[in-house]
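Engineer: Take a look and give me a structure for this.
(one chain, ligands or ions: 1)
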Amino acid sequence: MKTRTRFAPSPTGFMHIGNLRTAIFEYLVAKHEGGDFLLRVEDTDQARKVEGAIDFIYKTLELCNIKIDEGPNNEGECGPYIQSERIDIYKEYADKLVEMGHAYPCFCSEETLEAMRKKADEKHVPFMYDGRCSHLSKDEIKRRIDAGEKYVIRQKMPKDGVSVVKDVVYGNVKVENSVLEDQILLKSDGYPTYNYANVIDDHLMGITHVIRGNEYLSQTPKYNLLYEAFGWEAPVYIHVPMVLGEDGNKLSKRNGDASFMDLYEEGYLPEAIVNYLVLLGWSPDTNQEIWTMDELIAKFDMNRISKSPSSYDIKKLRWFNAKYIRNLSDEDYLKFIRPFFTLDVSSKEEEWVNKLLLTYKDHISYGKEINDIVSIFFNDDIKISKENKEFLESDELIPVVIKTFHDELEKLPSWDIESIAEVINIVKEKTGAKGKLLYMPIRIKVSGVEHGPELPDELYLIGRENVLNRLK
Ligand code: GLU
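Structural biologist: Numbering: from 1, shown residues only. Below is the predicted model:
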């Protein structure tokens, strides 16, 4: 049987990295086996629906180099791929379940349910629908439906015994059937619940492996009972632990940083985000940290997904992103960084701007960072900290280094990086200063700070006039 997986997001116009990681795992499981990856849009909660959300999902996955074999914008044979367009299908199968005795119409009103909830509260037990409508006679059901009474369809659960869910990550998970509620499958407006629709859709779409958040694990016995009722084979389940925020709490939309698009717009490369995310919960059998998509497809092994929750760590993501930025060709790097660079360079030569940006290729960890990091070249007001001032006064050689450097630079016929490097050497020979005593005074005097790119590059970019003025 061909391996088929699906990504089944709700169309909220937002994708947090936990969702994206699920999509990546689903894609890798399918592609590792030469299978198909589908997109199914779970929009039965119409209140949460956002205009343009489907295109947003396509765009996100495309940026991440995840190709959708079948979905709403490229239908295959199992469409529609949007749940709200499958309402008739859900009804058809719900009717079958009722016919077979695995489900029943329930006419209980909101008030009746509220009263049951209250009773449960008083007894300090969790509320569970008591199944009273499962005892209605066929005639009564018909009469009430004909009279236009509102109803939902509930699944009829076994009252004793144990269900076992086999999960790739969690092993065999046992659940007492007595805790399984006669859950709602179809709401009174005809819309399915997630707990019902996922089974119908996964079966009809030929899904062989279901990868999703572990919050669904405890519900999965109910899904298995539906598969059994229809005589269908259940998929392989791969429930993955959550990605927690840095504070140890669940990631949420409010945790803006954890949104893929926000990261992308800050200047994180999608390849780096994918690489980071795949290792968040999956460990290969090597120490390799940098992975191309093709390598991941070849190597991905679902049995190596971890049971313990992982935490989103922006520092680690930056580390990956910096690596990916460094690995870009100079040409690709300039294309990447240019849109993030927003300082005014209208009076500068193109060559100077490119040199400036390239000088920091090895220093930045995300696109927008470039503006802060190069601000020393756009600010004439150099501020030297107290510690650095103290350093400048800490050795008699320092004023000599600065003066010699200034005088030698003044003589320099051309302003280029090699000549500047040579002048530094001359100063070294003339003054006998080396290491920290040679470089630091010059750097602090011209930039205000003790760190920066290679000194000749930095001086070149600051420009002859500025350097000479600052050294005075
Ligand atoms: N719509 C569900 C969610 O976004 C999908 C879960 C699943 O993959 O089955 O959580």
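
Engineer: Could you pull up the residues touching C64?
Structural biologist: 20, 23-24, 260, 270, 273-274 (Cβ atoms under 8 Å, 6 or more residues apart in numbering). To be clear about C-beta, it is placed using only N, CA and C from the backbone, and glycine gets the same treatment.

Engineer: Closest one to P413 out of the residues you listed, please.
Structural biologist: P270 (47.1 Å; Cβ to Cβ).

Engineer: Is that closest one in contact with N65, as I believe?
Structural biologist: Yes - if you go by Cβ atoms under 8 Å, P270 and N65 touch, sitting 7.0 Å apart.

Engineer: hmm, back to that, possible to save the contacts of C64 as a markdown table with pLDDT and neighbour count?
Structural biologist: Shown next, in a markdown table, are those (pLDDT from 0 to 100; neighbours: other Cβ atoms under 10 Å):
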| residue | pLDDT | neighbour count |
| --- | --- | --- |
| L20 | 96 | 25 |
| A23 | 98 | 27 |
| I24 | 98 | 27 |
| F260 | 95 | 25 |
| P270 | 98 | 19 |
| I273 | 98 | 23 |
| V274 | 98 | 26 |
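
Engineer: From these, which land in helices?
Structural biologist: Within those, residues falling in helices by DSSP state H are 20, 23-24, 260, 270, 273-274.

Engineer: Could you pull up the contacting residues of D36?
Structural biologist: 2-5, 30, 69-70, 76.

Engineer: Poorly predicted segments of this structure, please.
Structural biologist: 253-257 (pLDDT under 70).

Engineer: which bits of it sit near the ligand?
Structural biologist: Taking Cβ under 6 Å from any ligand atom, the part of the chain that reaches the ligand is made up of 8-10, 42, 198, 212-213.

Engineer: go again using 5 Å as the cut-off
Structural biologist: Contact residues, the chain versus the ligand (Cβ under 5 Å from any ligand atom): 8, 10, 42, 198, 212.

Engineer: Neighbour-wise, which one of those leads?
Structural biologist: A8 (26 neighbours; other Cβ atoms under 10 Å).

Engineer: I'd say it and T44 touch.
Structural biologist: No - judged on Cβ under 8 Å, A8 makes no contact with T44 at a distance of 11.1 Å.

Engineer: hmm, back to that, now flag whichever of the residues of the chain next to the ligand is closest to V374.
Structural biologist: Checking the residues of the chain next to the ligand one by one against V374 (Cβ to Cβ), the nearest turns out to be S10, at 40.9 Å.

Engineer: Spatially nearest residue to the closest one (excluding sequence neighbours)?
Structural biologist: E42 (5.1 Å; Cβ to Cβ, 6 or more residues apart in numbering).

Engineer: Show the contacting residues for the one you found.
Structural biologist: With Cβ under 8 Å, 6+ apart, E42 has these contacts: 8-11, 83, 194, 197-198.

Engineer: Tell me where the protein has strands.
Structural biologist: 4-7, 36-39, 103-106, 152-155, 162-167, 171-176, 184-186, 209-213, 236-240, 243-244, 310-311 (DSSP state E).

Engineer: Could you give me the buried positions within the fourth one?
Structural biologist: Using 16 or more other Cβ atoms under 10 Å as the test for burial, strand 152-155 gives 152-155.

Engineer: hang on, the earlier thing: next up, phi/psi of the residue nearest to S10, please.
Structural biologist: Main-chain torsions, E42, degrees, to the nearest 10: phi -100, psi 90.

Engineer: ok, what's across the strand from the nearest residue to V169 once chain neighbours are set aside?
Structural biologist: In this structure, V169 finds its nearest non-sequential neighbour in I305, 5.2 Å apart by Cβ to Cβ, 6+ apart. On the basis of DSSP bridges, I305 is bridged to W282.

Engineer: what's the burial count for I305?
Structural biologist: I305 has 19 nearby residues by other Cβ under 10 Å.

Engineer: and stretch 367-383, how far from the chain's centre?
Structural biologist: In terms of Cα atoms, centre = their mean, to the nearest Å, the centre of stretch 367-383 is found 30 Å from the chain centre.

Engineer: Please disregard the earlier target; I meant stretch 454-472.
Structural biologist: Using Cα atoms, centre = their mean, the offset of stretch 454-472 from its chain centre is 42 Å.

Engineer: And it, what's buried?
Structural biologist: Applying 16+ other Cβ under 10 Å to stretch 454-472 flags 455-462, 466-468, 470-471 as buried.

Engineer: try stretch 235-245
Structural biologist: Buried-residue list, stretch 235-245, by 16+ other Cβ under 10 Å: 235-243, 245.

Engineer: Throw those into CSV and include distance to T208, thanks.
Structural biologist: Formatted as CSV, those follow (distance: Cβ to Cβ, whole Å):
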residue, distance to T208
P235, 6
V236, 6
Y237, 11
I238, 11
H239, 16
V240, 17
P241, 22
M242, 24
V243, 25
G245, 32
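
Engineer: picking up where we left off before, for the residue nearest to V169, which residues are in contact?
Structural biologist: 25, 168-169, 238, 240, 281-282.

Engineer: Select from the residues you listed the one having the most neighbours.
Structural biologist: Neighbour-wise, these (other Cβ under 10 Å) top out at V240, 27 neighbours.
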